[in-house]
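1. All I have is the shape, not the residue letters:
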């Protein structure tokens with residue numbers, strides 16, 4: 001018994017550090033950084049990505065609910081999307097745009113990786129992000145108000161779970177230093193917790209919405225998996241952002257089609 005309590009305390013502290021790092025990395029909340037940040041903290045943080053999605057989705061849904069009580073549906077959705085972009089720093093949208101530029105403009109693996117590292121946005125990225133945000137905006141505005149909060153939360157959580165699954169299925173494509181490299185690696189035994197966190201928000205939807213949403217994200221994931229494996233032999237941080245964004249949009253559209 002004397003050993004169990006210190007071990008439990010150490011486990012809780014370790015997971016708390018990982019969650020803190022996940023919030024710092026995946027959001028722009030003004031939280032203080034850890035005095036000592038270890039590679040293990042960063043690797044463990046990825047397992048909390050779907051939980052971050054639940055929080056981000058809940059914030060977006062909350063902003064929408066407040067705005068929709070006084071403003072037209074399209075304006076309320078626009079404000080909700082803006083809140084999400086501010087909360088995450090458009091981290092995943094930036095990754096999606098980089099993937100559009102890299103895969104659209106790069107003829108070789110090396111050139112794709114080079115383009116994706118460039119922080120500037122090109123024609124493919126600009127077109128892709130406009131279409132992506134436009135689809136999300138239209139889908140959210142068209143969803144029944146009673147269904148929209150659940151769809152938002154489920155889409156953000158499940159799409160981030162799909163991104164973690166990509167880390168399990170493919171190797172990391174870059175060999176040089178990158179912002180995402182410290183967090184690279186499958187969650188191992190913690191994958192069960194990742195799956196639960198990603199799947200539970202789907203219970204907020206109807207059975208048909210759950211099936212349609214999972215099918216849509218599965219299709220997105222399969223296409224991205226084959227594409228990334230063919231062009232890069234693996235994934236990058238930008239690729240994970242693209243999986244999240246496409247999965248989120250696909251789930252929203254699937255729920256709308258079955259509303």
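-> Perfect, thanks for sending it. Values in this document were obtained by computation on a predicted structure and should not be read as measured data.
2. Against which helices or strands is the helix or strand encompassing residue 111 packed?
-> Following DSSP states H and E, one finds residue 111 within helix 109-117. Judged by 3 or more CB pairs under 8 Å, 6 or more residues apart in numbering; DSSP states H and E, helix 109-117 is in contact with helix 91-105. All C-beta spots, glycine's among them, are computed from the backbone N, C-alpha and C.
3. for the helix it packs on, packing partners?
-> On a contact count with 3+ CB pairs under 8 Å, 6+ apart, helix 91-105 meets helix 109-117, helix 123-142, helix 237-257.
4. by how many degrees do that helix and helix 109-117 diverge?
-> 140 degrees (axes from the mean of the first three to the mean of the last three CA atoms, to 10 degrees).
5. between helix 91-105 and helix 123-142, how big is the angle?
-> 130 degrees.
6. what's in contact with helix 91-105?
-> 26, 85, 111-113, 115-116, 118, 121-129, 132-133, 227, 231, 237-242, 244-246 (CB atoms under 8 Å, 6 or more residues apart in numbering).
7. same thing but at 6 Å, please
-> The contact list for helix 91-105 (CB atoms under 6 Å, 6 or more residues apart in numbering) reads 112, 115-116, 121-122, 124-125, 128-129, 238, 241-242, 244-245.
8. now swap in stretch 71-80 and tell me
-> Contacts for stretch 71-80 (CB under 6 Å, 6+ apart): 60, 63-64, 67-68, 137, 140-141.
9. Pull the distance from that stretch to the chain's centre.
-> Distance of stretch 71-80 from its chain centroid, counting by CA atoms, centre = their mean, to the nearest Å, is 22 Å.
10. any idea of the pLDDT on residue 185?
-> Per-residue confidence (pLDDT) for residue 185: 68.
11. buried set for stretch 68-79?
-> Across stretch 68-79, burial judged by 16 or more other CB atoms under 10 Å covers 68, 73, 76-79.
12. Average pLDDT for that stretch, rounded please.
-> pLDDT averaged over stretch 68-79 gives 97.
13. now swap in stretch 242-255 and tell me
-> Computed over stretch 242-255, the mean pLDDT rounds to 98.
14. List the buried residues of it.
-> By neighbour count with 16+ other CB under 10 Å, stretch 242-255 contains the buried residues 242-255.
15. which stretches of the protein have low pLDDT?
-> Applying pLDDT under 70 to the chain picks out residues 1-5, 35-36, 177-182, 185-189.
16. quick one: the helices in it?
-> Assigned by DSSP state H, the chain shows helices spanning 4-26, 39-45, 49-68, 73-88, 91-105, 109-117, 123-142, 148-169, 191-199, 207-231, 237-257.
17. Tell me which residues are up against the helix holding residue 111.
-> Contacts for helix 109-117 (CB under 6 Å, 6+ apart): 98, 101-102, 105-106, 232, 238.
18. do you know how far residue 203 is from residue 157?
-> Residue 203 sits 11 Å away from residue 157, going by CB to CB, to the nearest Å.
19. Next: residue 215.
-> 17 Å.
20. So between these two, which is more surrounded?
-> For residue 215 versus residue 157, the count of surrounding residues by other CB atoms under 10 Å is larger for residue 157: 29 against 13.
21. I figured the more buried one hits residue 52, correct?
-> No: applying CB atoms under 6 Å as the test, residue 157 and residue 52 come out as separate, 8.8 Å apart.
22. deepest of the helices and strands packed on helix 91-105, which one?
-> Most buried of the helices and strands packed on helix 91-105, by mean neighbour count (mean count of other CB atoms under 10 Å): helix 237-257, with a mean of 26.
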